[in-house]
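A.B. asks: Next come a sequence and a model predicted from it.
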Amino acid sequence: MVLREPKSLNDQNGLKELGVKKESAQEIEEAVIEKFRPKKITIKGEIRLKTYHSNGLQ
């Protein structure tokens, strides 16, 4: 049996190939999406740009 990465989060064919029923595959997919959701972060800071060109940044 060869395992492959799914093409997208909604690709349940990988689980079907392993013999998982459609209902179970949907429940597994929902649990994975809920548990492995990327964390959202906020980055704040200050940036200063300086140029020696007379016409500004390009």
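C.D. replies: The structure has been received and is ready for your questions. Numbering: from 1, shown residues only.

A.B. asks: Show me what the worst-scoring helix or strand of the chain on mean pLDDT is packed up against.
C.D. replies: Here the helix or strand of the chain ranked lowest by mean pLDDT, DSSP states H and E is helix 13-17, holding a mean of 73. Helix 13-17 sits against helix 22-35, with contacts defined as 3 or more CB pairs under 8 Å, 6 or more residues apart in numbering; DSSP states H and E. For the C-beta atoms, the positions are set from N, CA and C on the backbone; glycine is no exception.

A.B. asks: Tell me the buried residues in the helix it packs on?
C.D. replies: 25, 29 (16 or more other CB atoms under 10 Å).

A.B. asks: Could you give the separation of that helix from the chain centroid?
C.D. replies: 16 Å (CA atoms, centre = their mean, to the nearest Å).

A.B. asks: So which other helices or strands are in contact with that helix?
C.D. replies: helix 13-17.

A.B. asks: Name the SS class of the residue nearest to the spatial centre of the chain, please.
C.D. replies: By CA atoms, centre = their mean, the mean C-alpha position of the chain lies nearest to Pro38, the distance being 6.7 Å. With DSSP: H, G, I helix; E, B strand; the rest coil as the basis, Pro38 sits in coil.

A.B. asks: Report the separation between it and Gly45.
C.D. replies: 21 Å (CB to CB, to the nearest Å).

A.B. asks: Please determine how far Ile28 is located from His53.
C.D. replies: 56 Å.

A.B. asks: Next: Val32.
C.D. replies: In terms of CB to CB, Val32 sits 50 Å off from His53.

A.B. asks: what does Ala31 give?
C.D. replies: Counting by CB to CB, the gap from Ala31 to His53 is 54 Å.

A.B. asks: Also Glu17?
C.D. replies: 58 Å.

A.B. asks: So these two - more neighbours on which side?
C.D. replies: Glu17 (12 against 7; other CB atoms under 10 Å).

A.B. asks: before we move on, back to that, give me phi/psi at the residue nearest to the centre of the chain?
C.D. replies: phi -60, psi 140 (degrees, to the nearest 10).

A.B. asks: All set now, cheers.
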